[in-house]
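[1] Let's see this in three dimensions:
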Amino acid sequence: MGQATLFLLVLSLALGAHGLSDKKCSLIGQWVNDLGSTMKILAVNNNGDFSGTYLTAVTATTNKIQESPLQGSLQRRNQKGQPTFGFTVNWTFSDSVTVFTGQCFVDKNGKEVLKTMWLLRSRVDNIENDWKATR
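    Here you go, the predicted model:
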């Protein structure tokens, strides 16, 4: 009886750990980064296309920060549950656009986490200033 209980305990722990690793990461919902910026994604279609809004908590402009639209694409061929994605934010309060690329992960505690990199392109007055337009 004791061996059967031990076996069932080990089996349930193994199945529980396996269930955590199989959890699929979903972009749908509200995300907040370390600086307090907020992204909302309402739906992802069958092609992996999505849209939403982004409200940044930081900016280099003196203009009033406003919620801005985003458009993106999720790599749908990845069936492993931690997909790659990219999206563009067209800032409504400045003459700039930011592109993000990243991956959605499920950490060891089952929490969904987005890891991204970004490039921001600001408008400049002439081609000679092109060098300072991208951050």
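
[2] ok, the closest residue to residue 63 other than its chain neighbours to residue 31 distance?
    Sequence neighbours aside, residue 93 is the residue nearest to residue 63 in space, at 4.5 Å (criterion: C-beta to C-beta, 6 or more residues apart in numbering). Any C-beta I mention is one placed from the backbone N, CA and C, and that applies to glycine too. According to C-beta to C-beta, to the nearest Å, residue 93 stands 20 Å off from residue 31.

[3] hang on, the earlier thing: count the neighbours of the residue nearest to residue 63 for me.
    Residue 93 has 14 neighbours, counted by other C-beta atoms under 10 Å.

[4] Contacts only, for it.
    Residues near residue 93 by C-beta atoms under 8 Å, 6 or more residues apart in numbering: 59, 61, 63, 64, 65, 66, 68.

[5] Tell me which helix or strand it sits in.
    Applying DSSP states H and E as the criterion places residue 93 outside every helix and strand.
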